[in-house]
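J.: need coordinates for the below:
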Amino acid sequence: MKPNLQDYQPRPNLLEDRVILITGAAEGIGKALALAAARHGATVILSGFREKALESVYDAITAEGSPEPASLPLDLDKADEPLMLGIATTLGDEFGRLDGLVHTAQYIPFLSRIDDYDAEQWNKVLRINLTAPFLLTQACLPLLRAAEAASILFQSDRVGRRALAYWGAFAAAMSGIEALMQTLAEETENSSRIRVNSIDPGAVRTAQRRQLYPAEDPTRLAPPEQIINAYLYLLGPESRGVTGQAFSAQSAPASAAPEQ
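T.: Numbers count the residues shown, from 1 in each chain. Alright, predicted model coming up:
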């Protein structure tokens, strides 16, 4: 039976002494999660392709007196297997293990009919939203296995569970993310202490949301900070044994937009 994530309240030291890598940490949900995880005791590895934006999050975390984070600039569109393996080696040398890996980075340039979808953009959406998370996760598996109880969390979307018109490559990528989560959960459940889950954030007040829905009233949407406790639960020790499940951070998502 799934826990009710909407009512979950994390204790202050929930993630104490844990090392957690968050992609998409420069803005939106990734930024909110990085700040919250650090406040709850985690050493956060901030990943994103805008280095200056990462520096801002880094400074905000240290200004609050949270554990000093690390910064990992990474362009997921250009990431390949050698680069990801190199990142994992660096993280291993620095930290020795990884207690959490959260994929919040998402990319969608537009809504389009399949008839009109640009092939180059299709490939880019799949690279950033599906292939890059696979490569990073694969490279980090030895570090995750070295942890006492590691958590891999894939940010998904409603269109990955029931595709809708005009979502094209993003819906395909999110369907792939759900399949990747289920496959990895099956493969790790009886052979490691790793748990693997996905989470749909629902409709959240982010820059990506504004780009896709410019006429929408953003004040009607939940800010990223309002949904973060669901992520903290899936990263913390209270979710041990919970694996292979598709969660929703909000009980009734207002639309099928991708959030980051």
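J.: check which helix or strand covers Y107.
T.: Assigned by DSSP states H and E, Y107 falls within no helix or strand.
J.: as a quick check, tell me the outermost residue of the chain.
T.: Distance from the C-alpha centroid of the chain, by CA atoms, centre = their mean, peaks at D115 (30.2 Å).
J.: ok, F134 - how many residues close by?
T.: Per other CB atoms under 10 Å, the neighbour tally for F134 reads 17. C-betas here are computed from N, CA, C, even on glycine.
J.: so what's the spatially closest residue to it that is not a sequence neighbour up against?
T.: Leaving aside its sequence neighbours, F134 sits nearest to L180 (CB to CB, 6 or more residues apart in numbering; 6.0 Å). With contacts defined as CB atoms under 8 Å, 6 or more residues apart in numbering, L180 is in contact with 130, 133-134, 137, 154.
J.: okay, and the beta partners of the closest residue in space to I45 that isn't next to it in sequence?
T.: Leaving aside its chain neighbours, I45 sits nearest to L21 (4.2 Å; criterion: CB to CB, 6+ apart). Legend: beta-bridge partners of L21 under DSSP bridges are I45, L101.
J.: wait, L21 touches S71, no?
T.: No - contact criterion CB atoms under 8 Å: L21 and S71 do not qualify, at 11.3 Å.
J.: more neighbours, the two?
T.: Using other CB under 10 Å as the criterion, L21 and S71 rank with L21 on top: 26 against 17.
J.: on that earlier part again, can I assume the residue nearest to F134 sits in a helix?
T.: Yes - with DSSP: H, G, I helix; E, B strand; the rest coil as the criterion, L180 is part of a helix.
J.: now the helix or strand containing I29, how far from the chain's geometric center?
T.: Using DSSP H and E, I29 sits within helix 28-39. Taking CA atoms, centre = their mean, to the nearest Å, one finds helix 28-39 lying 11 Å from the centre of the chain it belongs to.
J.: pLDDT below threshold where in the stretch 151-260 of the chain?
T.: Applying pLDDT under 70 to the stretch 151-260 of the chain picks out residues 252-260.
J.: residue boundaries of the strands in it?
T.: 151-155, 195-200, 246-248 (DSSP state E, counting those that start in this stretch).
J.: go on, the stretch 1-150 of the chain?
T.: 19-23, 43-48, 70-73, 100-103.
J.: of those strands, which is nearest T90?
T.: T90 lies closest to strand 70-73 among the strands of the stretch 1-150 of the chain, at 8.4 Å (CB to CB).
J.: which neighbouring elements make contact with the closest one?
T.: strand 43-48, helix 51-63 (3 or more CB pairs under 8 Å, 6 or more residues apart in numbering; DSSP states H and E).
J.: still on that earlier bit, which one of the contacts of L180 sits closest to P224?
T.: F154 (17.2 Å).
J.: that closest one contacts R195, doesn't it?
T.: No - checked against CB under 8 Å, the pair F154 and R195 is beyond contact range at 11.9 Å.
J.: please list all residues in contact with S192.
T.: Contact analysis of S192 by CB under 8 Å, 6+ apart lists 144-145, 150.
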